[in-house]
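[1] need coordinates for the following:
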Amino acid sequence: MRLSLHPALARAARLMHRFPWHWLVAALVAFDGYLFLQPFWSAIGPQGVLQALQVRDGAGVTAFLDSGGIAQMARLMLGIGVQVMAVGLLYRARIAWAMSLLLLALVGSYSLWHGQGHAGLAVYTVVLVAALVAYWRYFDRASLAAGSLFTVLSVASLLIYAVFGVLYLGDEFAPPVHDPVTALYFSIVSMSTVGYGDISPQTDAARLFTISIIILGITVFATSISAVVGPLIGGNIRRLVRGRVSHSMRKNHIILAGVSPLAQSLYAALRQRGHEVTVIVPSMDGHPYPEDADLLEGDASETAVLLQAGAARARYILALRQDDSENAFIVMAGREAGGTDTRLVALANSPQHLSKIRRVNPDIVISLQALGSEILARTLSGEAIDEALITRLLFGEKTPDPA
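    As a prediction, this is how the structure comes out:
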């Protein structure tokens, strides 16, 4: 007789598994950026930067940068960058995850360098980096919004670097550059590699600085285009190449969740017999299924993903992942999303987890390890093996001890 998990415990376990950890990580990252920016707001603030830009002949910018303004501008760009990438983490974008790791590493290094003996922010940043690494599986999406944020942040950072650099080296250009508008004009012309020639660097320092603007401009534009255009057309290209079935066409099919060896072998066997199979994979990158497979990217333990896979009209939902706890959560989600005729099948990778998986009430529990070990033991002992025995073992039922 199967034991049912207490409804409150089952609900709590489901909530813990589905808790939006990426929201928590994003909030903590944004708070790190807020703490990092506090010294800038208290010491200089936007009004200090604007006052430096308003001084004629570039003297204000030169004095500002010479008096520690370079470190403060670096703090401003890093802090804002961290907060912008926190928004990208809400979309679970992998580009936001990678950029957050890079920016947090710079924030931690800056805090140790200019922290004046206060290492609290550096320690907090290290903890955040560890959290991002621990929850890396949550950030596996290509997001257009995150790509746009990355583009805005990259272009804005490069413009700040270029404008302030041109004003700082203003006398080393011909004609000299001493106002923000002209500095912005020269920066954009250099970043876009147009090069009208009306303003030219005259010293080695100015030439090297202009070269850096050109190289960074090409790099930023190239990566920004790929970050924005990639997510925009990637999904459509995938659907065209793989011939994916639309959500409305999925009916009387089998939903298979997992990329385990058993899942791969079962997929091939089902397709040979003419069954329609929809496979749910954690990521479209590096999966082992054929190019023409009906694939859906997502977490199969989420009810919304199963509904998108057509669970309400499916014949079977197969939880064949290599983690038994994930298979149990898929069964619970399938119980909510599946139709009245949908049967739930769960794989027990470890015989010790059979009783726990049975508590979530799947229709069928499969235990290949129990099957293999019992058949081998009976073969070596010379005991009889019949079809009823194999059926009981395959579906995880207890076998009576031999007389």
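[2] ranges for the strands of the chain?
    173-174, 200-201, 254-257, 277-281, 294-297, 316-319, 343-347, 364-366 (DSSP state E).
[3] low pLDDT regions in the protein?
    Along the chain, the parts satisfying pLDDT under 70 run over 1-19, 43-72, 114-118, 142-143, 227-249, 284-286, 370, 386, 389-403.
[4] how close does the residue nearest the centre of it get to Y289?
    The residue lying closest to the centre of the chain (CA atoms, centre = their mean) is F139, at 1.5 Å. Distance, F139 to Y289, by CB to CB, to the nearest Å: 23 Å. All C-beta spots, glycine's among them, are computed from the backbone N, C-alpha and C.
[5] what's the answer for I95, then?
    Distance from I95 to Y289, by CB to CB: 25 Å.
[6] re earlier: run through the residues that contact the residue nearest to the centre of the chain.
    22, 89, 92-94, 96-97, 132 (CB atoms under 8 Å, 6 or more residues apart in numbering).
[7] buried residues in stretch 290-306, which are they?
    293-303, 305-306 (16 or more other CB atoms under 10 Å).
[8] how far does that stretch sit from the chain's center?
    Stretch 290-306 sits 16 Å away from the centroid of its parent chain (CA atoms, centre = their mean, to the nearest Å).
[9] if we can go back for a sec, distance check, the closest residue to the residue nearest to the centre of the chain other than its chain neighbours against A346.
    Nearest in space to F139, with sequence neighbours left out and distances taken as CB to CB, 6 or more residues apart in numbering, is W97 at 3.7 Å. Distance, W97 to A346, by CB to CB: 31 Å.
[10] and the helices in the stretch 51-200 of the chain?
    Under the criterion DSSP state H, counting those that start in this stretch, helices of the stretch 51-200 of the chain are mapped to 59-64, 70-90, 94-114, 120-134, 144-168, 180-191.
[11] quick one, which of those is nearest to S355?
    Among the helices of the stretch 51-200 of the chain, helix 120-134 comes nearest to S355, with 29.6 Å by CB to CB.
[12] helices and strands around the closest one, which ones?
    helix 21-43, helix 94-114 (3 or more CB pairs under 8 Å, 6 or more residues apart in numbering; DSSP states H and E).
[13] deepest of those helices, which one?
    Most buried of the helices and strands packed on helix 120-134 by mean neighbour count (mean count of other CB atoms under 10 Å) is helix 94-114; its value is a mean of 20.
[14] could you measure from the residue lying closest to L112 once chain neighbours are set aside over to F139?
    Distances taken as CB to CB, 6+ apart place A122 nearest to L112, at 4.9 Å, with adjacent residues excluded. Distance, A122 to F139, by CB to CB: 23 Å.
[15] same check on Q272?
    Q272 sits 37 Å away from F139, going by CB to CB.
[16] what does the residue nearest to the centre of the chain show for phi and psi?
    Torsion angles at F139 (phi, psi; degrees, to the nearest 10) stand at phi -110, psi 80.
[17] F40 reaches M77, doesn't it?
    No: the criterion here is CB atoms under 8 Å, and F40 misses it with M77 at 10.1 Å.
[18] shared neighbours of the two, anything?
    Residues touching both F40 and M77 by CB under 8 Å, 6+ apart: none at all.
[19] so what pairs up with F173 in the strands?
    Under DSSP bridges, the beta-bridge partners of F173 are P201.
[20] just give me the neighbour total for it.
    21 (other CB atoms under 10 Å).
[21] quick check: it touching Q202?
    Yes: assessed by CB under 8 Å, F173 is found in contact with Q202 at 6.3 Å.
[22] phi, psi of D140?
    The phi and psi values for D140, taken as degrees, to the nearest 10, are phi -130, psi 20.
[23] isn't it up against I95?
    No: using CB under 8 Å, D140 makes no contact with I95, being 11.1 Å away.
[24] give the residues shared as contacts by the two.
    Applying CB under 8 Å, 6+ apart, one finds that no residue jointly contacts D140 and I95.
[25] number of residues surrounding the closest residue to M332 other than its chain neighbours?
    In space, and not counting its chain neighbours, M332 is closest to V360: 5.4 Å by CB to CB, 6+ apart. Using other CB under 10 Å, V360 is surrounded by 24 other residues.
[26] and V360, how far is that from G147?
    39 Å.
[27] repeat that for F173.
    34 Å.
[28] likewise A300?
    Note on A300: its distance to G147, by CB to CB, is 26 Å.
[29] try L307
    Note on L307: its distance to G147, by CB to CB, is 27 Å.
[30] show me which of the two is the more surrounded one.
    More neighbours surround G147 than the other of L307 and G147, with 25 against 15 (other CB under 10 Å).
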